[in-house]
Structure formats: C-alpha cells, structure tokens
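Enquirer: this one's structure only:
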C-alpha cells in the first residue's frame, strides 16, 4: 500500500469554525489532491498540488484553501465550516505525469461532520 | 457539466457470471482512463487503466474496453466473485498538462452468492 495517511480520521465541528485536514505521504510523489465524496456526486476535486507551493483549484474549491510547504504534506483548510461541507474527504497522490504511469493512490479518508 | 458519467448507480450479478460496468465521457481530449474500486470506510484503490492508444487492457479477471468513437469505456469482471462487491468509479485524465482527474459518480456492484 502507498504510504498515505490522513488526520484526523473523524471530526465533528460547529458551523463557522475553521478546520484543517492533513494529508501526509511517504512516497515522495509530486502530485497531491483533495477530493470530497458525496452521495450522487462521486469524487469531486477540491484542490490539487503539482509541486511544493504550487497549487490550483478543482471543481468545488469555494470555501476551501490549501497549502503545501513540503513534498510530504498537503493541508486542506475549511476557513469557516458550513453544513454543506459535511462529507468524506480523500487525499490522493500521483507521480505519473511525465512518467507514463498515471494511477492515483488514495488515503483512508476523513469523515467530517459540521453541526 | 458532468464530463464523466456512470449512468447505472447499481448492478447486481450472480457469482460466477460476468459483470459489465459502463462509463461515458464527453471530452474527446481525455487520453487516459482508470477504474477504481471502493469498499465502505476505505479509500478507493486502483484497479486497471487504459491509454487512448489502445482499445483493450486485461489484468486477470478484469478487462477494460475503450471505444473512442463512442466515448465509452467498460469494465468486465469475469468471473464475478462476492468479494468484488464494492463501488466502482471510472476516471479520466489528460496526460499532457492539467494534472486533473475527473471521476464518474460510481456504480455499486453487488455479487450474489
């Protein structure tokens, strides 16, 4: 299994509070991603990173920010959590672009509930 | 605008029979396609992939077929086993440039013993 961990694994928070989710990898992969999974929507890309300090928005980035100060860590911050951000969040890594192998490897997920 | 679509939310198949999961895409620029399998309370795991220069890729019981003219791919599982019961996601990417993957909404496969 690819070395990807997510913390926390479960979190309950109140509306309006800031929340930070952490993704940590030991694979030295260049690309890192944050997705959310919701019923009927599959996996939707929030933000991704293509290198240290290089990030870009995905399809559902409103209300989220990210930071990547070193290769192994990719942080997702909900600046002011809302109930619509209740979801399961997955981090993924890839090293394929330019290498010819494009699989992504996913972390175990973080279940976030905003009350 | 859903660029990758899995129109069947669920599928039930008898053990030992073939499971066929379908996926359609709208962006003809996609040139690499992947299938992932997801069990409850776990992250998705990579299953099999195919480049747009091929029309078939096989790995054991799993075969992916790509029909570029129809913008359609399918995953065949033969023979199906109860342990194959999971949610299957197809995904597409453009290997030159965006680094993004677009996922379908998933198909829940149930293999009946």
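Expert: Happy to help now that I have it. Treat the numbers as computed from the prediction; the structure is a model and nothing was measured. Residues are numbered from 1 along each chain as shown, chains lettered A, B, ... in the order given.
Enquirer: For chain B, see how far away residue A:84 is.
Expert: 18 Å (C-beta to the nearest C-beta, to the nearest Å). In short, each C-beta sits where N, CA and C put it, glycine included.
Enquirer: Equivalent analysis for residue A:115, please.
Expert: From residue A:115 across to chain B, the span is 21 Å (C-beta to the nearest C-beta).
Enquirer: pLDDT score assigned to residue A:49?
Expert: Reading off the confidence values, residue A:49 has pLDDT 95.
Enquirer: Can you report how many residues lie near it?
Expert: Other residues near residue A:49 come to 22 when the count uses other C-beta atoms under 10 Å in any protein chain shown.
Enquirer: Next: residue B:83.
Expert: So residue B:83, with other C-beta under 10 Å, has 9 neighbours.
Enquirer: Compute the number of surrounding residues for the residue nearest to residue B:26 when sequence neighbours are not counted.
Expert: Sequence neighbours aside, residue B:3 is the residue nearest to residue B:26 in space, at 5.2 Å (criterion: C-beta to C-beta, 6 or more residues apart in numbering or on different chains). Neighbourhood size, residue B:3 [other C-beta under 10 Å]: 15.
Enquirer: List the contacts of residue B:3.
Expert: B:25, B:26, B:27, B:30, B:92, B:102 (C-beta atoms under 8 Å, 6 or more residues apart in numbering or on different chains).
Enquirer: and of those residues, the nearest to residue A:93?
Expert: residue B:102 (17.5 Å; C-beta to C-beta).
Enquirer: you'd agree that closest one is up against residue B:91?
Expert: Yes: between residue B:102 and residue B:91 there is a contact under C-beta atoms under 8 Å: 6.5 Å.
Enquirer: Now the residue nearest to residue B:26: phi and psi?
Expert: The phi and psi values for residue B:3, taken as degrees, to the nearest 10, are phi -80, psi -20.
Enquirer: How about residue A:83?
Expert: Main-chain dihedrals, residue A:83, degrees, to the nearest 10: phi -60, psi -30.
Enquirer: Skipping its backbone neighbours, what lies nearest it in space?
Expert: Spatially, and ignoring its direct neighbours in sequence, residue A:83 is nearest to residue A:114 (5.1 Å; C-beta to C-beta, 6+ apart).
Enquirer: ditto for residue A:93
Expert: residue A:29 (4.1 Å).
Enquirer: ok, now which ones touch that neighbour?
Expert: A:71, A:93, A:94, A:95, A:105.
Enquirer: Take those and keep only those in strands.
Expert: A:93, A:94, A:105 (DSSP state E).
Enquirer: Just put those in a markdown table and tack on neighbour count and distance to residue B:79.
Expert: Formatted as a markdown table, these follow (neighbours: other C-beta atoms under 10 Å in any protein chain shown; distance: C-beta to C-beta, whole Å):
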| residue | neighbour count | distance to residue B:79 |
| --- | --- | --- |
| A:93 | 25 | 33 |
| A:94 | 23 | 31 |
| A:105 | 20 | 28 |
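Enquirer: Wait, residue A:41 touches residue B:103, no?
Expert: No: at 9.2 Å, residue A:41 does not count as touching residue B:103 under the criterion of C-beta under 8 Å.
Enquirer: give me phi/psi at residue A:30?
Expert: phi -70, psi -40.
Enquirer: Tell me how many other residues surround it.
Expert: Look at residue A:30: counted by other C-beta under 10 Å, it has 19 neighbours.
Enquirer: Verify the stated contact: it with residue A:50.
Expert: Yes: Residue A:30 is in contact with residue A:50 according to C-beta under 8 Å; the separation is 6.6 Å.
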